[in-house]
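S.K.: 3D model of this:
(chains A and B)
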Protein chains: 2
Amino acid sequence: MLHAVIMAGGSGTRFWPESRMHRPKQLLPITGGLPMLAETVNRLDPVVPPERIYVVTHREQLAGVRAACPQLRPENLLAEPSARNTAPCVGLAATVLHARDPEAVMAVLPADHAIAPVAEFQRSLHAGAEAAARHGTFVTFGIPPTFPATGYGYIRRAGQVGTYQGLECYAVDSFTEKPDRPRAEQFLREGVYFWNSGIFMWRVDTILSAIGSHMPALAAGLAQIHEALGTPDFESVLAAVYPQLPSVPVDVGIMEKVSGTVVLRTPYRWSDVGSWNALYEEVPRDEHGNAAVFPGGGLLLAEDATGVLAYSREPQVIAVLGLDDVVVVRTEDAILVAKRDRAEEVKMLVERLKSLGRTEV
Amino acid sequence: MLHAVIMAGGSGTRFWPESRMHRPKQLLPITGGLPMLAETVNRLDPVVPPERIYVVTHREQLAGVRAACPQLRPENLLAEPSARNTAPCVGLAATVLHARDPEAVMAVLPADHAIAPVAEFQRSLHAGAEAAARHGTFVTFGIPPTFPATGYGYIRRAGQVGTYQGLECYAVDSFTEKPDRPRAEQFLREGVYFWNSGIFMWRVDTILSAIGSHMPALAAGLAQIHEALGTPDFESVLAAVYPQLPSVPVDVGIMEKVSGTVVLRTPYRWSDVGSWNALYEEVPRDEHGNAAVFPGGGLLLAEDATGVLAYSREPQVIAVLGLDDVVVVRTEDAILVAKRDRAEEVKMLVERLKSLGRTEV
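M.R.: Model prediction:
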């Protein structure tokens, strides 16, 4: 049976002032519809219905997750006592899942990516489940790169091992962390690299056994958590054990060490929506290249302005006069106005706010 | 006795989104302190104390004027039933003033100009009163021009006729409406032109007699209003008569027609603060040329940004990243982001909002 585990632990500052410590990107309707996490849940249905969808999140964000996804079962929401990167997150989910369904196939997905169209995404889920069953191994999902991105990890493919639901499936040669610009250009030229979408699929017994082989400290911690499952001690054991688990990404701790991993060529448009500028690329624009994202209603008045992204959750008039390629974001207590190609630097602004003691914004 | 009449009838759209139909510039703390009208009142004190200060305003703005200047006497607030330009406004004030003090000297001042330093402004008031008494005529206040402004009227001076309080006083050769750019440059070169500050001084009997000579229709209307002064019919007479008065500027209807007018060379910095860009020139700036105007408190976070004007009445963080020479204005329901030298075009945005039926903003 296919289950999905959504990793919703991010606390991104790249969407300041809209994202805040207790209002991370995945809980915001950044793309103009529902909170990104809710969009991710809906995108899985009906291939993975809500009762088989799990969310791993920070304890502080649990209330926000419940509010964004009321259709999820309370026992399917797993609260991390602290952020320990993705290997412990995946291990915790696999431990819980294995106890409920030892034969479970588990898809792991980030909560805050933009993917369309939904039908193509769901086709890739079917393909992934077939590949996982056929190869008994780890399945990754590779995005054909369209530009020399330095912000993504890459997967180098080896020979083709099959075709599932019409999607090419390759053996994985190697994983590569975010490259610098010349290497990214080289990857693009070579034509055998995918972007690593951060979506994985595997049987729970396969991942748990790989954790046992390659991350024994994590396996030992998970064993303690496993013993406490369903007992009144669960919360206290989790609180004691989890913060001690090795803080390692699952790519690095497991995926790079196991053999036989495959990669499916995905048929959908994908973005990790890593900045306001990336969001601009994902949303509808008018004939002047202006995009208005007003989840609560609003009006963009652009006069001699092109390439504008305007965002506000509250109904607002945002007027832009005589400026091109800018991002204008309004929240209840802050405004960001940025040259669009500089929008990733809002992290610096957040640091400055912290250093000024303005942690409330 | 010196009295002051502040003309506060403007309904400017040039400070949208901060200025609105019922929240005109003169009632806003645009320069960062008090509402501009209150700044104008305070700037007169103690040369003209509050009990001798009159404000002529729109009926709809009376409550706002009272709130901005609680120290003014209710009977000193004159409400125009409709806007009829400055000649009727001056005539109404002179009529009321003459009934209270037939020997009154009357200074007329716009409500929404920026003037500093106060001591120099007050010196010019003393000088004006001396000149009015000595020459028995109209006194204007000329600003030495510093650039070929096309947005101001000009006063061409003739020979010097005196010096009052150390300020040169000249006969007026002629008044000129806003010139085009080549003429403005010519004026600057000739060196015998002042900007017309819109501040005047005269005895009430002198202006009333000039109105009788040069604007008989206005004089007739004022006579009706004069008869009703202090009677229960005053409001209804004013409501009936005022809207019929000729809508003419006092410069055009009177000043250009009388002889013997003098102009004092003012010793202060002056701006009519006619746009967000003009405001930028008036307010303190940091070493990057960034100006933050937060009458209610706030923070401008500028990163790789220069020449920024940020304005908000509510406490706010305004962050500007990678942009130069922009104006960012936030109100409760709208944001303006404009290239600073295009800020005067907000009038166009207001027209577009009107055409969209969004009269509330």
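S.K.: For the rest of this, base every contact and every neighbour count on C-alpha atoms.
M.R.: Noted.
S.K.: and the residue positioned nearest the centre of chain A, what does it touch?
M.R.: Centre of chain A computed as the mean C-alpha position; nearest residue by C-alpha atoms, centre = their mean is residue A:110, 2.3 Å away. Going by C-alpha atoms under 8 Å, 6 or more residues apart in numbering or on different chains, residue A:110 touches A:6, A:7, A:8, A:198, A:199.
S.K.: which among those residues gets closest to residue B:296?
M.R.: Closest approach between the contacts of residue A:110 and residue B:296, by C-alpha to C-alpha: residue A:8, at 37.7 Å.
S.K.: May I have the residues that are in contact with that closest one?
M.R.: Residue A:8 neighbours (C-alpha under 8 Å, 6+ apart): A:26, A:37, A:55, A:56, A:57, A:58, A:110, A:111, A:112.
S.K.: what about 10 Å?
M.R.: Contact partners of residue A:8, counting by C-alpha atoms under 10 Å, 6 or more residues apart in numbering or on different chains, are A:24-27, A:36-37, A:55-58, A:61-62, A:65, A:78-79, A:89, A:109-112.
S.K.: tell me the domain ranges of chain A?
M.R.: Domain assignment for chain A by automatic domain parsing gives A:2-271, A:284-355.
S.K.: Make TSV out of those and add mean pLDDT.
M.R.: Shown next, in TSV, are the domains of chain A (pLDDT from 0 to 100):
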stretch	mean pLDDT
domain A:2-271	94
domain A:284-355	93
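S.K.: so which of the contacts of residue A:110 comes closest to chain B?
M.R.: Nearest to chain B, judged by C-alpha to the nearest C-alpha, of those is residue A:8 at 27.6 Å.
S.K.: so residue A:13 touches residue A:343, yeah?
M.R.: No: at 11.3 Å, residue A:13 does not count as touching residue A:343 under the criterion of C-alpha atoms under 10 Å.
S.K.: so what's in contact with the two at the same time?
M.R.: Common neighbours of residue A:13 and residue A:343 (C-alpha under 10 Å, 6+ apart) are residue A:275.
S.K.: before we move on, the earlier item: strands - which of the contacts of residue A:110 land there?
M.R.: A:6, A:7, A:8, A:198, A:199 (DSSP state E).
S.K.: Let me see the contact set for the first one.
M.R.: Think residue A:6. Residue A:6 touches A:37, A:40-41, A:53-57, A:77, A:89-90, A:93, A:107-112, A:199, counting by C-alpha under 10 Å, 6+ apart.
S.K.: Return the distance of it relative to residue B:325.
M.R.: 44 Å (C-alpha to C-alpha, to the nearest Å).
S.K.: for residue A:319, same thing?
M.R.: Separation of residue A:319 from residue B:325 (C-alpha to C-alpha): 16 Å.
S.K.: before we move on, what about residue A:2?
M.R.: 55 Å.
S.K.: any idea how far residue A:111 is from chain B?
M.R.: 28 Å (C-alpha to the nearest C-alpha, to the nearest Å).
S.K.: And that residue, its phi and psi?
M.R.: The phi and psi values for residue A:111, taken as degrees, to the nearest 10, are phi -90, psi -10.
S.K.: Report the contact partners of it.
M.R.: If a contact means C-alpha under 10 Å, 6+ apart, then residue A:111 has A:5-10, A:25-27, A:35-41, A:55-57, A:272 as its contacts.
S.K.: same deal with residue A:172?
M.R.: Here residue A:172 is in contact with A:138-140, A:155-161, A:193, A:255-256, A:259-264 (criterion: C-alpha under 10 Å, 6+ apart).
S.K.: Give me the subset of the residues you listed lying in strands.
M.R.: A:139-140, A:155-161, A:193, A:262-264.
S.K.: out of those, which touch chain B?
M.R.: Applying C-alpha under 10 Å from any C-alpha of the partner chain, the subset of the ones in strands among the contacts of residue A:172 adjacent to chain B is empty.
S.K.: Just the buried residues of those residues.
M.R.: A:139, A:140, A:155, A:156, A:157, A:158, A:161, A:193, A:262, A:263, A:264 (16 or more other C-alpha atoms under 10 Å in any protein chain shown).
S.K.: which non-adjacent residue is nearest the residue in the stretch 101-250 of chain A positioned nearest to chain B?
M.R.: Using C-alpha to the nearest C-alpha, the closest approach of the stretch 101-250 of chain A to chain B is made by residue A:151 at 20.7 Å. Excluding the flanking residues, the one nearest residue A:151 by C-alpha to C-alpha, 6 or more residues apart in numbering or on different chains is residue A:178, at 5.7 Å.
S.K.: cool, residue A:187 as well?
M.R.: Counting by C-alpha to C-alpha, 6+ apart, residue A:193 is the residue found nearest to residue A:187 once chain neighbours are left out, at 6.0 Å.
S.K.: Go ahead and confirm that neighbour touches residue A:155.
M.R.: Yes: contact status for residue A:193 versus residue A:155: in contact at 5.5 Å, counting by C-alpha under 10 Å.
S.K.: Show me the common contact partners of these two, please.
M.R.: Common contacts of residue A:193 and residue A:155 (C-alpha under 10 Å, 6+ apart): A:142, A:143, A:172, A:173, A:174, A:175, A:176, A:187.
S.K.: Emit the ChimeraX select command for whichever of those residues are buried.
M.R.: In ChimeraX, this line selects whichever of the shared contacts of residue A:193 and residue A:155 come out buried by 16+ other C-alpha under 10 Å:
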select /A:142,143,172,173,174,175,176,187
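S.K.: from the shared contacts of residue A:193 and residue A:155, which ones fall inside strands?
M.R.: Among the shared contacts of residue A:193 and residue A:155, the residues falling in strands (DSSP E) are A:142, A:143, A:172, A:173, A:174, A:175, A:176.
S.K.: Next one: residue A:14 from chain B, what distance?
M.R.: Counting by C-alpha to the nearest C-alpha, the gap from residue A:14 to chain B is 13 Å.
S.K.: Ignore what I typed, I meant residue A:275.
M.R.: 14 Å.
S.K.: pretty sure that residue is touching residue A:18, no?
M.R.: No: counting by C-alpha under 10 Å, residue A:275 stays clear of residue A:18, with 11.4 Å between them.
S.K.: The helix ranked longest in chain A: which residues count as buried?
M.R.: For chain A, the helix with the greatest residue count under DSSP state H is helix A:118-135. For helix A:118-135, burial by neighbour count (16+ other C-alpha under 10 Å) applies to A:118, A:121, A:122, A:123, A:124, A:125, A:127, A:128, A:129, A:130, A:131, A:132.
S.K.: For the fifth one, which residues are in contact?
M.R.: What it means is residue A:124. A:118, A:130, A:141, A:164, A:165, A:166, A:167, A:264, A:265, A:266, A:267, A:268.
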